[in-house]
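Participant: Here is the input, now give the coordinates:
(one chain, ligands or ions: 2)
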Amino acid sequence: MSVPARSLLKTSRPTLLRAAYPGARFSSTSAKPATLKERLAELIPKEIENVKATRAQHGKKSFGPVVVDQLYGGMRGLPALIWDGSVLDAEEGIRFRGKTIPECQELLPKAPGGSEPLPEGLFWLLVTGEIPTQEQVQELSRDWAARSAIPEFVEEILDRCPPTLHPMSQFSLAVTALNHNSAFAKAYQSGISKKDYWGPTFEDSMDLIAKLPNIAGRIYRNVFGQGKLPAIDANKDYSHNLATLLGFGDNQAFVELLRLYITIHSDHEGGNVSAHTGKLVGSALSDPFLAYSAALNGLAGPLHGLANQEVLIWLRKMQAKIGEDASDEAVKEYIWSTLKAGQVVPGYGHAVLRKTDPRYTAQREFALKHLPDDKMFKLVGQIYNLVPDILLEAGKAKNPWPNVDAHSGVLLTHYGMDQMQFYTVLFGVSRAFGVAAQLIWDRALGAPLERPKSYSTAAIQKMFADKA
Ligand SMILES: CC(=O)SCCNC(=O)CCNC(=O)[C@H](O)C(C)(C)COP(=O)(O)OP(=O)(O)OC[C@H]1O[C@@H](n2cnc3c(N)ncnc32)[C@H](O)[C@@H]1OP(=O)(O)O
Ligand SMILES: O=C([O-])CC(=O)C(=O)O
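Facilitator: Ligands and ions are numbered 1, 2, ... in the order given. So this is what the prediction gives:
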């Protein structure tokens, strides 16, 4: 059964649900709280009308001029994308559906005995704009656990990768291969109508997120020789299961760290390389697995997600050269030597942010609570006091402050995960939440194929030749 968007607005919940799940049975008196898909089915028709009204009212309004430098300068500041899950403010940092990181830490459901938000709740917030109940979050944990197994041939692909193949390349290979069982690709081949695209996209997105711990865990154990992969426990939350697969499930503080880590790395509006890549590839109606593996390849770059690995490598090299308790003078000299060698200081600077990244602050607060005396944490703090002035003096970076990657590796290392080549895989597990949430909405709202206009330098010169 399919119901046109306009009439869905006036339709009762059971009827809506029947539209979203042909063949399923729903009762109007059921006390069970709505699942994420049920809630989404209620929100979509309203949002379709909301977008229509926004376009009717503002569609012809201008954001101001586009200047040629923006075409050459990596499109900084170019208003070009719709992204609903989060918006980034240059001074204040990220807000997930309008909520800051401290607000999410306060409002989102926690695990029993835990104090960090459960990423399940964050995903619900990204998708719906609403704070879920404890029960809804538990249901999501159970749903993801039930979907978590990866096909045997994907396990074989991973097992055949040489341990020298970077974990991010392995990750991307495995996610691409998940496309084998894509509900969206299958539905498209059987001629699904455009207005129903969101259903199988939702299913693929849920599968994608659910299967990432098994992929990440297998890569970790294959590459770093940590023994056989344990099974997912349907009664544990997503982060606890991921920690167990990585071999840290008995360490409550590490489990808490993963909950925080996955929450804060999930989304950073739409223009960053990984999010934008996922949206772009998804716009060709490539399924969520293909779209997300492309996003992972972008995340694997050292100016983006790989910076967390680069920070640790840089810190270790620094310690090897100047010792563990080096003076400010020695650290300053090391920072200058990095710049003079034509390299960037990893973990510092940002394309949009102009203040300390609140994700850095959230991790610093975690460290102050759980590992205040850790030597590496102290070095990170020492660097924070020195790098901004040096970058300002060097005079190039528009933002001298630290970003998220300046802190994450130190926390993981503290608990014994010191294989820095793996760090970006954890970032990739988290970023799937933000990219998947937007992919679902893009298909629900009928987002078009992305295809901006490009120009050659010769064309630009010709265009302005008479206007000089
Ligand atoms: C999750 C994330 O993706 S967060 C970012 C992770 N990346 C890093 O931490 C790598 C280090 N940082 C950088 O390379 C940059 O700050 C980026 C890539 C994050 C942002 O790049 P941009 O928006 O181009 O920064 P900005 O406009 O300030 O760059 C101007 C100049 O300052 C330099 N600069 C910026 N940050 C740094 C830095 N941390 N160290 C040294 N130089 C820097 C740029 O390389 C550029 O030099 P150029 O004119 O010779 O090309
Ligand atoms: O916003 C960006 O360009 C980079 C970033 O911090 C992220 O993607 O998390």
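Participant: who's in contact with the one residue in the chain that gets nearest to ligand 1?
Facilitator: Closest to ligand 1 within the chain is Gly349: 2.2 Å, counting by CB to the nearest ligand atom. Bear in mind the C-beta positions are built from the backbone N, C-alpha and C, glycine included. Contact analysis of Gly349 by CB atoms under 8 Å, 6 or more residues apart in numbering lists 391, 397-401, 403.
Participant: Keep only those of those residues that are in helices.
Facilitator: Within those, residues falling in helices by DSSP state H are Leu391.
Participant: Just give me the closest of the contacts of Gly349 to Ser456.
Facilitator: Set against Ser456, the nearest of the contacts of Gly349 by CB to CB is Lys398 (27.5 Å).
Participant: What sits closest to that closest one if chain neighbours are left out?
Facilitator: Arg354 (7.1 Å; CB to CB, 6 or more residues apart in numbering).
Participant: so the one you found sits in a strand?
Facilitator: No: judged by DSSP: H, G, I helix; E, B strand; the rest coil, Arg354 forms no part of a strand; its state is coil.
Participant: Give the burial count for it, as a bare number.
Facilitator: Counted with other CB atoms under 10 Å, residues neighbouring Arg354 total 14.
Participant: Repeat that for Lys52.
Facilitator: 14.
Participant: Also Leu368?
Facilitator: Using other CB under 10 Å, Leu368 has 11 neighbouring residues.
Participant: hang on, Gly77 packs against Val67?
Facilitator: No: assessed by CB atoms under 8 Å, Gly77 is found out of contact with Val67, at 9.6 Å.
Participant: okay, the two: which has more neighbours?
Facilitator: Set Gly77 next to Val67 and count neighbours by other CB under 10 Å: Gly77 wins out with 17 against 11.
Participant: separation between that one and His304?
Facilitator: 18 Å (CB to CB, to the nearest Å).
Participant: So which elements touch the longest helix anywhere in the chain?
Facilitator: In the chain, with assignment by DSSP H, the single longest helix is helix 198-224. If you count contacts as 3 or more CB pairs under 8 Å, 6 or more residues apart in numbering; DSSP states H and E, helix 198-224 packs onto helix 36-58, helix 134-146, helix 152-160, helix 167-177, helix 183-189, helix 238-246, helix 288-299, helix 423-444.
Participant: CSV for the ones you listed, including distance to Pro200?
Facilitator: Output for the helices and strands packed on helix 198-224, formatted as CSV (distance: least, CB to CB, whole Å):
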stretch, distance to Pro200
helix 36-58, 11
helix 134-146, 16
helix 152-160, 19
helix 167-177, 17
helix 183-189, 4
helix 238-246, 22
helix 288-299, 9
helix 423-444, 9
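Participant: Put together TSV for the ones you listed, with mean pLDDT and distance to ligand 2 on each row.
Facilitator: Formatted as TSV, these follow (pLDDT from 0 to 100; distance: least, CB to the nearest ligand atom, whole Å):
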stretch	mean pLDDT	distance to ligand 2
helix 36-58	98	24
helix 134-146	98	22
helix 152-160	98	26
helix 167-177	98	15
helix 183-189	98	25
helix 238-246	98	19
helix 288-299	99	8
helix 423-444	98	7
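Participant: would you turn the ones you listed into TSV with distance to ligand 1?
Facilitator: Formatted as TSV, the helices and strands packed on helix 198-224 follow (distance: least, CB to the nearest ligand atom, whole Å):
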stretch	distance to ligand 1
helix 36-58	27
helix 134-146	24
helix 152-160	25
helix 167-177	14
helix 183-189	28
helix 238-246	20
helix 288-299	8
helix 423-444	7
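Participant: and the residue lying closest to Val311 once chain neighbours are set aside, how far is that from ligand 2?
Facilitator: Leaving out its chain neighbours, the residue that sits closest to Val311 by CB to CB, 6+ apart is Gly347, at 4.2 Å. According to CB to the nearest ligand atom, to the nearest Å, Gly347 and ligand 2 sit 11 Å apart.
Participant: right, and Gly347 touches Pro402 too?
Facilitator: Yes: with contact defined as CB under 8 Å, Gly347 reaches Pro402; the gap is 5.6 Å.
Participant: Quickly note the distance from the closest residue to Thr128 other than its chain neighbours to Phe202.
Facilitator: Of all residues not flanking Thr128 in the chain, Arg39 sits nearest, at 5.5 Å (CB to CB, 6+ apart). Going from Arg39 to Phe202 by CB to CB gives 11 Å.
Participant: List the beta-bridge partners for Asp89.
Facilitator: Using DSSP bridges, the bridge partners assigned to Asp89 are Gly93.
Participant: Around it, count how many other residues there are.
Facilitator: For Asp89, using other CB under 10 Å, the count is 15.
Participant: Could you do the one 10 residues further on as well?
Facilitator: The number of residues packed around Lys99, counting by other CB under 10 Å, is 19.
Participant: How about the backbone phi and psi for it?
Facilitator: Phi and psi for Lys99, reported as degrees, to the nearest 10, are phi -110, psi 130.
Participant: who's it bridged to?
Facilitator: Counting by DSSP bridges, Lys99 is bridged to Phe96.
Participant: Now whichever residue of the stretch 351-468 of the chain sits closest to ligand 2: closest residue in space that isn't a chain neighbour?
Facilitator: Closest contact between the stretch 351-468 of the chain and ligand 2, by CB to the nearest ligand atom, is at Ala351 (4.6 Å). Using CB to CB, 6+ apart and skipping residues adjacent in sequence, the residue nearest Ala351 is Arg76, 6.3 Å away.
Participant: Check Ile44 too.
Facilitator: Counting by CB to CB, 6+ apart, the residue nearest Ile44 is Ala444, at 4.8 Å.
Participant: residues contacting that neighbour?
Facilitator: 40, 44, 47-48, 197-198, 201.
Participant: Could you check the pLDDT of Gly416?
Facilitator: pLDDT for Gly416: 97.
Participant: Next, give phi and psi for it.
Facilitator: Dihedral angles for Gly416 - degrees, to the nearest 10 - are phi 100, psi 0.
Participant: Understood, closing this out.
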